[in-house]
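Visitor: Take a look and give me a structure for this.
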Amino acid sequence: MYFFLSQLAFMDLCQVLSIVPKMTVDFVTHSYTISLSGCITQISVTLLLGGAECLILATMSYDRYVAICRPLQYPVLMRSKICNIMSVAAWFWSAFQALSCSLYVLPLPYCKSNVINHYLCDYPALIQLSCSDNSAFVRSTYFGNFMVLLIPISVILASYIAILLQVLRARSSGSSHKALGTCLSHFCVVGIFYSMAMFTYMTPYTAEKSMINSVFTTIVPAMLNPFIYSLRNRDVLAALRRLCVKCILCK
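Guide: The predicted structure follows:
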């Protein structure tokens, strides 16, 4: 679990750093401009981290399923080699999708307005500004989004249904409460993240809808994940207290 949590924390940190500093500078200086290369870079980073987070969240739900429903098999089913393979596969697929989208939109002819009605660069927004026929690319992205969004959300739903059934069969109310408490908060954020991502990338593009949905797929999960996965964990809280005490004693 902590192996995947460390990757999730890294993704959230990089996601925020790729969006918020530039957005803050624009608000302060009132200079709402970005170069094409900078825009493509932001698209690549956002797609890479967003796709990897989708797949890692699905892997984490499977990890919780094995831990709760198959605890005796956990050391075998979630050994280090398997965790590394799942992690590499998630990063590889999301990198492939991000690279393909970025390389496609880079050479497009932009003969319309150069104003993006968004707080970040998003490839559907650039496609709207292009004067070429992009219908084939749009259809192909639906397949990629199916792999990154619908398949992982199916894994997550199946895992949590199995966990819920296992909890309902459990005799110990304490273990049931702990299992539900661990998974319910995770499922709430996952539901917000996936639903907004599907509304953004699997429905017809509109600027207003895309801006609202992007907040819930980039900024909000990165803000909530530390509270859900870390500050609600007793071991992490104990380590944080020890660190604070050590800092106070050092002073």
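
Visitor: what sits against Tyr65?
Guide: 159-160, 162-163 (CB atoms under 8 Å, 6 or more residues apart in numbering). In this view, the C-beta of every residue, glycine as well, is placed from N, C-alpha and C.

Visitor: Now with 6 Å, please.
Guide: 159, 162-163 (CB atoms under 6 Å, 6 or more residues apart in numbering).

Visitor: Find the residue closest to it in space, skipping its chain neighbours.
Guide: Spatial nearest neighbour of Tyr65, chain neighbours left out: Ser159 (4.0 Å); criterion: CB to CB, 6 or more residues apart in numbering.

Visitor: okay but the one you found is in contact with Ser61, surely?
Guide: Yes: under the contact definition of CB atoms under 6 Å, Ser159 touches Ser61, with a separation of 4.1 Å.

Visitor: Tell me the secondary structure at Asn114.
Guide: coil (DSSP: H, G, I helix; E, B strand; the rest coil).

Visitor: Next, count neighbours for it.
Guide: 9 (other CB atoms under 10 Å).

Visitor: pLDDT score for the nearest residue to it once chain neighbours are set aside?
Guide: Among residues not flanking Asn114 along the chain, Leu129 sits closest, at 6.9 Å (CB to CB, 6+ apart). Predicted confidence (pLDDT) for Leu129: 82.

Visitor: could you say what helices and strands the helix or strand hosting Trp91 packs with?
Guide: Element membership for Trp91 (DSSP states H and E) is helix 80-105. In terms of contacts (3 or more CB pairs under 6 Å, 6 or more residues apart in numbering; DSSP states H and E), helix 80-105 is packed against helix 36-69, helix 123-129.

Visitor: Recalculate using a threshold of 10 Å.
Guide: helix 2-29, helix 36-69, helix 123-129, helix 135-145 (3 or more CB pairs under 10 Å, 6 or more residues apart in numbering; DSSP states H and E).

Visitor: For Ser80, which of these is the nearest?
Guide: helix 2-29 (7.9 Å; CB to CB).

Visitor: The closest one to helix 36-69, inter-axis angle?
Guide: 150 degrees (axes from the mean of the first three to the mean of the last three CA atoms, to 10 degrees).

Visitor: Give the buried residues for helix 2-29.
Guide: Going by neighbour count (16 or more other CB atoms under 10 Å), the buried part of helix 2-29 is 4-5, 7-8, 11-12, 14-15, 18-19, 22.

Visitor: Now for these: which two are most distant?
Guide: Among the buried residues of helix 2-29, Phe4 and Lys22 lie farthest apart (CB to CB), at 28.3 Å.

Visitor: I'd like the distance from the helix holding Trp91 to the chain centre, please.
Guide: 13 Å (CA atoms, centre = their mean, to the nearest Å).

Visitor: Of all the residues in that helix, which ones are buried?
Guide: 83, 86-87, 90-91, 93-94, 97-98, 101-102, 104-105.

Visitor: from the buried residues of helix 2-29, which has minimum pLDDT?
Guide: For the buried residues of helix 2-29, the minimum pLDDT belongs to Leu5; the value there is 83.

Visitor: Correct me if wrong: that one contacts Cys83.
Guide: No: the criterion here is CB atoms under 10 Å, and Leu5 misses it with Cys83 at 11.7 Å.

Visitor: Could you name every residue contacting both of these two?
Guide: Asp63 (CB atoms under 10 Å, 6 or more residues apart in numbering).

Visitor: For the most centrally placed residue in the chain, give me its contacts.
Guide: Nearest residue to the geometric centre of the chain (CA atoms, centre = their mean): Glu53, 3.3 Å. Going by CB under 10 Å, 6+ apart, Glu53 touches 7-8, 11-12, 15, 90, 94, 148, 152, 193, 197, 217-218, 221-222, 225.

Visitor: Name the nearest of those residues relative to Asn134.
Guide: Val148 (19.5 Å).

Visitor: Could you report the distance from the closest one to Ala58?
Guide: 10 Å (CB to CB, to the nearest Å).

Visitor: Perfect, I'm done here.
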